[in-house]
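[1] quick one, structure for this:
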Amino acid sequence: MMTIVAQAALFISGALFDSLWEGALIVGLVWLGLRCLPRLGAATRYAIWLCALAALVLVPLATVSVPASPQRSAPASIAAPAGVSAPSALTNLPDVALPAAPSIETPQAPRIPVSQKLAITFALVWVLVAFARGALLAFNLFQLSTLRRKARVWSLTHDYPVLLSERARVPFAMGFLRPAVILPASLVEEQSLDALDAIVMHETSHLRRNDVWTNALARILEAFVALNPAAWFVLNRLATEREIACDDWVVARLGAGDVFARTLAAMANRAGTRAPFAAPSAVGSRHSLVARIERLLDARPRSLRLSLSALGGTLMLFALIAIVLQSVSPVLAYAPSPLPAQLQLASGCASPNRGIRMMMEIDRTASVERYWVGPADPSKYVRRLGASHIATVDLTVDAAGVVRKLAVVSAPSIPGLVEMIARTFMHETYEPALHDCAAITSTLRMSAYVGARGNPRDQTLSMVTPSYPAGWRALHPTSCKVPNVLHTGVPAFPASLRNESSTLTASVRVHVDAAGSVTGAAVVTPSGNASLDDAVLATARAEKYPMTETSGFKPVRPSHTSLAWNRAHGSTVYSKCDPLPSDYLWTTTATRDTSPLVAPLWSRAGSR
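    Presented below is the predicted three-dimensional model:
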C-alpha cells in the first residue's frame, strides 16, 4: 500500500508536470486572444492575466484531483463444480495490508510511469521553493509594516494619507486595512509639486483599484507555480498592465500624460532600485518605464472600465480548458511494485500451473520443518467418512497469499461450527496459486474433517513469569534473565469444573528467598472458582524457583525458532543467572473444551 508521503509526492509531481504544458497552453491562448483584441483596456487585461495566473494553479490541480473516470469491468467469476449447491453461509473477511483482487481497468487517459524516488525529489523541491517564496512574502510584509510605523505624515489632502520615509527608495502604495501612499523623503526635494501630485495620483489609483489585494493574491499564487516559466511571464505581464492601468487613471485625471511622462523619465535613475514586491509601485524596470512613457505620450483614448463580457468569456474559456484537459491529460503513476520474491514471475519454475497450497509445520527433534501441501479431493473423504463428518468450503486467496473470502458450502448442523471453520482456515499460512509461474488470485473448493472429540477435553496450562524491577538491565548488563516457563497439567484440573464448559484463569504472586524457597504467596487475580484458586496457590507454594525441565517446566521459546533453542536456554543456563528474581507471577488457565474437532484435509506433505 502506498504511504501517505508517497501519495502526496505523486500528487504534487503530477500537478507540476501538468502545470508545465497546461500552463504554456493557457498562457499562449490568453496572449493570442489579447493580441486579437487590442482595444481592451489595461484594467481588463490585468484582470484577465490575474485569472490566467489562478488558472495555472487550479487547472492542474483539477486535472490531478479529478482524473478521467476509468472504465471498469467486473472480474470473471469462478464457476462452482457441477452438482454442488450454492454456499449456505458466507463469511466476509476484513481487509488486510494488500488490496483485494483488482478489476480489469481501461483508463481513458495515458499513464506515465514514474519512480517513487523521483516523485519525492520533485515534491521536496517544490515544497522548499514554495516555502521560500511564502517566507519571503511574509518577511517583505513585515518590512513594509516596520517602514510605515517609522514614516511621517506629509499630506492628508489627498484621498489617502501620504507618508514620507527615509528608508523608502521608490514611491509605492500599501496597506490592507489602513491604506496609504509612501514617498521617499528625497523625492520631495527632487521633484516639483506637479510631479509629486502626479506620482501620488498614480499610487492612489493603485489603492482605488485594490491593487494591494490583487498583488498579494498574485504573490500567493506565485508560491505555488514558482517553478513554472509560464508563471514568470504572467507575473511580468501583471506588473506591466497594473502600472499601465494606473497611468491611464492619471491621464484621465490630468487630461494629458506629458506631465507624468516627464516625471517617470526623471525617476528613471531609480529604476535600478528594487521596489517591495508585496506592494505596487510606480517605478518598475527600465524596459517597462520606456514602454509606459511611449504610451503616456500617445493621444489615443483609454478605457478605465473593466469589461465584464471579456472577463466572463475568459473564465468560460478556462472552465472549458479544464474539462478538456481532464480527459486528455496524461497521468503520472508509480510503476507497479514487484511482489515478494517468492511470488515473482519465475522462468522455468518447478510448477508453472498449480493451485493454492498451505504451510504445514512439524516439530522434529532439533528443528521445525515446514512443508507446502496441497488440498485433498473433498469427494474422496465424503465417500470414506460420510457427509456428516465433512465440511466443504470455497477459499479465495489473492496473489499475495492473503485469504480474501471464505464461503462455507456445506457443513454438519452444529451450533457455532461455521465460525469455528472460518477461524481454523484463517489461522493457516497459504501460498497463492500459479498460472504460467505468476501468482494469481484464485478460489479453491476444499474440505475439513468435523468430528466429536469423544470425552470433553479438560486441560490446565500454567505460565510462570519472573518479575524484574525497572532498571534491572542497566544495573546488570551482562547477567542473563530467567525466561518464562510453562507446564501443561499443573495443577490438576479441578473436579468441580467438570460439569461446566468454560475457561477460568487464576493468578498467584509468589515471593522467594535467595535459595528459591517460597516465603509468601497470595492470589492476585481470582478465577471465581475457589477450588481452582486453592489448587494454583498450593502448587505455587510447593515449587522450587526457578523452575527446571526436570520438574516438567519448559522455557517459552520464541515462535518459529528451532527446538535447539531449548537446549541453548535450558535450566543449566538460566538457573545460574545472577541475581535471581525474588518474585514470580503464576498464571493458570483451566479449560473444558466440548467443541467438535475441525481439521483441514490436505494431501500428503511434500518438500517445499
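[2] low-confidence ranges in the stretch 201-350 of the chain?
    Along the stretch 201-350 of the chain, the parts satisfying pLDDT under 70 run over 256, 268-279, 281-287, 299-301, 333-349.
[3] need the helices for it, in chain order.
    Ranges of helices within the stretch 201-350 of the chain are 211-224, 229-254, 258-266, 286-296, 308-328, based on DSSP state H, counting those that start in this stretch.
[4] how far away from the center of its chain is the shortest one?
    Distance of helix 258-266 from the chain centroid (C-alpha atoms, centre = their mean, to the nearest Å) equals 58 Å.
[5] which stretch among the helices of the stretch 201-350 of the chain is buried most, on average?
    helix 229-254 (a mean of 21; mean count of other C-beta atoms under 10 Å). The way it works is simple: take the backbone N, C-alpha and C, and place the C-beta from them, glycine included.
[6] still on that earlier bit, of all the helices of the stretch 201-350 of the chain, which one is nearest residue 152?
    helix 211-224 (21.0 Å; C-beta to C-beta).
[7] and the angle for the closest one with helix 229-254?
    170 degrees (axes from the mean of the first three to the mean of the last three C-alpha atoms, to 10 degrees).
[8] quick one on the thing from earlier: which one of the helices of the stretch 201-350 of the chain lies closest to residue 479?
    Nearest of the helices of the stretch 201-350 of the chain (C-beta to C-beta): helix 211-224, 59.3 Å.
[9] got the contact list for the closest one?
    By C-beta atoms under 8 Å, 6 or more residues apart in numbering, the list of residues contacting helix 211-224 from outside reads 46, 50, 53-54, 56-57, 129-130, 133-134, 137, 173-176, 179, 206, 231, 235, 238, 242, 246, 277-280.
[10] dump it to CSV, keeping only the CA atoms.
    Extracted C-alpha coordinates of helix 211-224, given in CSV (Å, rounded to 0.1, in the frame of the first residue of the first chain):
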residue,chain,number,x,y,z
ASP,A,211,-4.1,46.5,-6.4
VAL,A,212,-2.7,45.9,-2.9
TRP,A,213,-5.1,43.0,-2.5
THR,A,214,-4.8,41.6,-6.0
ASN,A,215,-1.0,41.9,-5.9
ALA,A,216,-0.9,39.9,-2.7
LEU,A,217,-3.1,37.3,-4.3
ALA,A,218,-0.8,37.1,-7.3
ARG,A,219,2.2,36.7,-4.9
ILE,A,220,0.5,33.9,-3.0
LEU,A,221,-0.3,32.1,-6.3
GLU,A,222,3.2,32.6,-7.4
ALA,A,223,4.4,30.5,-4.5
PHE,A,224,2.5,27.5,-5.9
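[11] how far away is residue 125 from residue 38?
    40 Å (C-beta to C-beta, to the nearest Å).
[12] TSV for the helices of the stretch 201-350 of the chain, including distance to residue 409?
    Shown next, in TSV, are those (distance: least, C-beta to C-beta, whole Å):
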stretch	distance to residue 409
helix 211-224	57
helix 229-254	62
helix 258-266	89
helix 286-296	81
helix 308-328	45
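[13] mind listing what the residue lying closest to residue 263 once chain neighbours are set aside touches?
    Among residues not flanking residue 263 along the chain, residue 195 sits closest, at 4.2 Å (C-beta to C-beta, 6 or more residues apart in numbering). Listed by C-beta under 8 Å, 6+ apart, the contact partners of residue 195 are 259, 262-263, 266.
[14] any regions of the stretch 401-550 of the chain where pLDDT drops low?
    452-456, 498-501.
[15] show me where it has its strands.
    Here the stretch 401-550 of the chain has its strands, by DSSP state E, counting those that start in this stretch, at 403-410, 430-431, 433-435, 438-440, 442-451, 457-467, 485-488, 503-512, 518-525.
[16] counting by contacts, list what the second one packs against.
    Meaning strand 430-431. With contacts taken as 3 or more C-beta pairs under 8 Å, 6 or more residues apart in numbering; DSSP states H and E, strand 430-431 sits against strand 357-363.
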